[in-house]
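Novice: Provide a 3D model corresponding to the input given below.
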Amino acid sequence: MAKLKQIKRYIDIEEGKLVSLRQQYQQAQQYQQQQQKRLSDLEQYRLQYLREIKIKVSSGSKVNELIQYQNFVAKLDKACEQQVAVISQAVLVVAQRKQQYVSQQKRVDAIAKFHKRKETQEQKSTDRIVQKQIDEMANQNLNGRRTSPFSH
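Specialist: The predicted model follows:
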């Protein structure tokens, strides 16, 4: 019985780790989604500026103004490249967190199965002992009646 309690405490500890790993996995997923949204926003902003450059070119804007727009688009290109690198790293972290979570889930499941098996074995053992005691009491009662002087 004491072993079962120890195993149950161990399961509780491992389940706590599982909850923590699930939270880390979800946070990594959210971070990745936020970074992908940021990239999408940057790309949209870049396209907007490219449209404005086309409008400026067709309307005959000053060269200096066009160069400034072009330089800003180049900065947006660089920001997009950096954001792609951030997303790549986030994808790796999500995969790592998922692997840790799945591994811990398997661990908790295995320990829980072991606990259930031990619990069943202990219950069967207890049932056998109780049945043996009942049988012994029944035999004693039966033997007691046979040897009783009043049984004739």
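Novice: C-alpha only now, for contacts and for neighbours.
Specialist: Will do.
Novice: Look at Val91 and give its secondary structure.
Specialist: helix (DSSP: H, G, I helix; E, B strand; the rest coil).
Novice: Just give the nearest non-adjacent residue to it, would you?
Specialist: Gln32 (6.6 Å; Cα to Cα, 6 or more residues apart in numbering).
Novice: Return the distance of that neighbour relative to Gln104.
Specialist: As defined by Cα to Cα, to the nearest Å, Gln32 lies at a distance of 22 Å from Gln104.
Novice: how many other residues sit next to the residue nearest to Val91?
Specialist: Using other Cα atoms under 10 Å, Gln32 is surrounded by 21 other residues.
Novice: What's the separation between it and Gln89?
Specialist: From Gln32 to Gln89 the distance is 9 Å (Cα to Cα).
Novice: How about Glu65?
Specialist: For Glu65, the distance to Gln89 - Cα to Cα - is 37 Å.
Novice: Kindly report the same for Lys5.
Specialist: Taking Cα to Cα, one finds Lys5 at 42 Å from Gln89.
Novice: Over to Val102?
Specialist: From Val102 to Gln89 the distance is 20 Å (Cα to Cα).
Novice: List the contacts of the residue sitting nearest the centre point of the chain.
Specialist: The centroid of the chain falls nearest to Arg22 when counting by Cα atoms, centre = their mean (2.9 Å). Counting by Cα atoms under 8 Å, 6 or more residues apart in numbering, Arg22 makes contact with Tyr101.
Novice: just how off-centre is the helix or strand that it is a member of within its chain?
Specialist: Taking DSSP states H and E as the criterion, Arg22 maps to helix 2-59. In this view, helix 2-59 has its centroid 14 Å away from the chain centroid, taken as Cα atoms, centre = their mean, to the nearest Å.
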